[in-house]
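K.L.:
Next comes the sequence, and after it the predicted model I'd like to discuss.
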Amino acid sequence: MTDLPETAPSGRNAVGRPVVAVLSTERIAEAALEMIDGGRDFSMRSLARSLGVSTPSLYYHVQNKNELANLIRNLLISRQSIPPSPMEDWMEEVRALVTSIWEAYSSHPRLVVLLMDSPLSSTAATAIYDRIAKALRKAGLDDYSTAIALEVLDGFALGNGLGHVRPADSWGDTEPGSALDDAVGAWNRRPGTMKVAFEVGLNALLNQIKSGGMFSGDAPVGDAIAGK
């Protein structure tokens, strides 16, 4: 990615020295991600300090937090192993893409608040969701049902990803010998339980879409249902 000069909008720095190329949008996104992952207080001012530049210089490259959030989205997507072209099997296509979203969430769970508070304008991220929507349409869903399924799948990946910052004692004091205490104990004794929970849950959701069970009952859905 081409470096951009550290400069005020006028094109010169505060003391009139020659402009030096020290910032790039990728470097800014990486620094912001590092700060957020570390649990440090985050603001555009603190980000500028961590980069060793003035706040106006940072705003020359990134207009606001919304733009920064989408730069981070682009950075995360560039690090994921995403199939370069759609798969024939709609279920495997959705599985691969939702898993890539979950991997980003679970690797950087503290980032989620920033991302959820910023409108999606990352073309790379939008392309992934568009591929999921096309795969769901291939599964037989109409537009409204596709929107519901997208929300359910994304929300599931988000919720499980956030679970990676939850401490082992997050259930609090459970009554010894109770069903909850036994379940929590079994959970804590096994490694990788969040990933297992994600895979089990995703399989269940995909099977519900395939069978049409996700849209059964009294839920208001469109005319076309999966499996028909």
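P.N.:
Here it is on my side, so go on.
K.L.:
Let me know the next secondary structure element after the helix or strand bottoming out on mean pLDDT in the chain.
P.N.:
In the chain, no helix or strand scores lower on mean pLDDT, DSSP states H and E than helix 112-116, which sits at a mean of 77. The helix or strand immediately downstream of helix 112-116 is helix 123-138, counting by DSSP states H and E.
K.L.:
so how far is the least confident helix or strand of the chain from its chain's centroid?
P.N.:
8 Å (CA atoms, centre = their mean, to the nearest Å).
K.L.:
swap in stretch 189-206?
P.N.:
Distance, centroid of stretch 189-206 to centroid of chain: 17 Å (CA atoms, centre = their mean).
K.L.:
go on, stretch 188-205?
P.N.:
Centre-to-centre, stretch 188-205 and its host chain are 18 Å apart (CA atoms, centre = their mean).
K.L.:
What residues sit buried inside it?
P.N.:
Counting neighbours by 16 or more other CB atoms under 10 Å, one finds that the buried residues in stretch 188-205 are 194, 198, 201-202, 205. For every residue, glycine as well, the C-beta is placed using N, CA and C.
K.L.:
And stretch 29-37, by the same measure?
P.N.:
29, 31-33, 35-36.
K.L.:
one step back: give the buried residues for the least confident helix or strand of the chain.
P.N.:
Neighbour count says helix 112-116 has 112, 114-115 buried, by 16+ other CB under 10 Å.
K.L.:
How about the most centrally placed residue in the chain: what's its closest non-neighbour residue?
P.N.:
Per CA atoms, centre = their mean, the C-alpha nearest to the average position across the chain is that of residue 105, at 4.4 Å. Using CB to CB, 6 or more residues apart in numbering and skipping residues adjacent in sequence, the residue nearest residue 105 is residue 161, 2.6 Å away.
K.L.:
where does the helix or strand harbouring that neighbour sit relative to the chain's centre, distance-wise?
P.N.:
If you go by DSSP H and E, residue 161 is part of helix 143-162. In terms of CA atoms, centre = their mean, the centre of helix 143-162 is found 12 Å from the chain centre.
K.L.:
mind listing what's buried in that helix?
P.N.:
For helix 143-162, burial by neighbour count (16+ other CB under 10 Å) applies to 145-146, 148-150, 153-154, 156-158, 160-162.
K.L.:
Please convert those residues to CSV, extending it with pLDDT and distance to residue 210.
P.N.:
Formatted as CSV, the buried residues of helix 143-162 follow (pLDDT from 0 to 100; distance: CB to CB, whole Å):
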residue, pLDDT, distance to residue 210
145, 94, 13
146, 96, 14
148, 95, 15
149, 96, 11
150, 95, 16
153, 96, 13
154, 92, 18
156, 93, 16
157, 91, 18
158, 87, 22
160, 87, 21
161, 83, 24
162, 79, 27
